[in-house]
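>>> Next one to model:
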Amino acid sequence: MVVDGTPRPLKPLVRDEVYRIAAEALRNAARHAKARHITVEIRYEGRQFRLVVRDDGVGMDEPALREAPTGHFGLHGMRERAGIVGGRLEVLTRPGLGTVVELSIPAAVAYAASRRRPVAVASPGPEPPE
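Numbering: from 1, shown residues only. You can find the predicted model right below:
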């Protein structure tokens with residue numbers, strides 16, 4: 001697992017969908033890809049939030065990327081979830097070469113508003129007597 005950038009809170013809906021997309025990508029890598037190594041990257045960037053799940057499994061062919069086998073909604077569901085939060089999901093794969101699932105969400109959509117407390121400014125107090 002790699003975390004890059006300063007962690008920032010995500011909006012609740014974004015956080016939930018990112019979690020579900022990550023869980024599905026990990027589940028796919030473990031169940032279907034027969035991956036020996038899986039890397040998860042969470043990147044808190046200024047312009048976007050990115051999640052990358054990379055595996056060294058068996059990969060997929062083009063028809064598997066486009067069509068959900070009967071009873072399987074993994075990639076289709078991940079794409080829908082990405083769209084719900086205004087993100088983009090890319091899946092890069094080839095048979096025998098593993099898979100990379102990358103979710104990117106614009107910062108304005110992804111990050112929760114900062115709740116900075118106002119800084120108290122000390123008043124100078126009364127003038128000293130002369």
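
>>> show me the contacts for the closest residue to residue 46 other than its chain neighbours.
Closest residue to residue 46 apart from its sequence neighbours, by Cβ to Cβ, 6 or more residues apart in numbering: residue 107 at 6.4 Å. Where C-beta positions appear, they are placed from N, C-alpha and C, glycine not excepted. Residues near residue 107 by Cβ atoms under 8 Å, 6 or more residues apart in numbering: 45-49.

>>> do the same with residue 26
Contacts of residue 26 by Cβ under 8 Å, 6+ apart are 38, 40, 53.

>>> now do residue 92
99-100, 102.

>>> what residue is smack in the middle of this protein?
residue 51 (3.2 Å; Cα atoms, centre = their mean).

>>> Would you agree that one is in contact with residue 20?
No: between residue 51 and residue 20 there is no contact under Cβ atoms under 8 Å: 11.1 Å.

>>> Dihedrals phi and psi, the residue nearest to the centre of the chain?
phi -120, psi 130 (degrees, to the nearest 10).

>>> try residue 52
Dihedral angles (degrees, to the nearest 10) for residue 52: phi -130, psi 130.

>>> Nearest spatial neighbour of it, chain-adjacent residues omitted?
In space, and not counting its chain neighbours, residue 52 is closest to residue 41: 4.1 Å by Cβ to Cβ, 6+ apart.

>>> Report how many residues lie close to that neighbour.
Look at residue 41: counted by other Cβ atoms under 10 Å, it has 15 neighbours.

>>> One more: residue 7?
Counted with other Cβ under 10 Å, residue 7 comes out at 9.

>>> Check residue 58 too.
By other Cβ under 10 Å, neighbour count at residue 58 equals 16.

>>> ok, so what distance separates it from residue 25?
15 Å (Cβ to Cβ, to the nearest Å).

>>> Going along the chain, name the strands of the chain.
Along the chain, counting by DSSP state E, strands occupy 2-4, 38-44, 48-55, 88-93, 99-106.

>>> where in this structure is pLDDT low?
Residues of the chain meeting the criterion pLDDT under 70: 63-73, 115-130.
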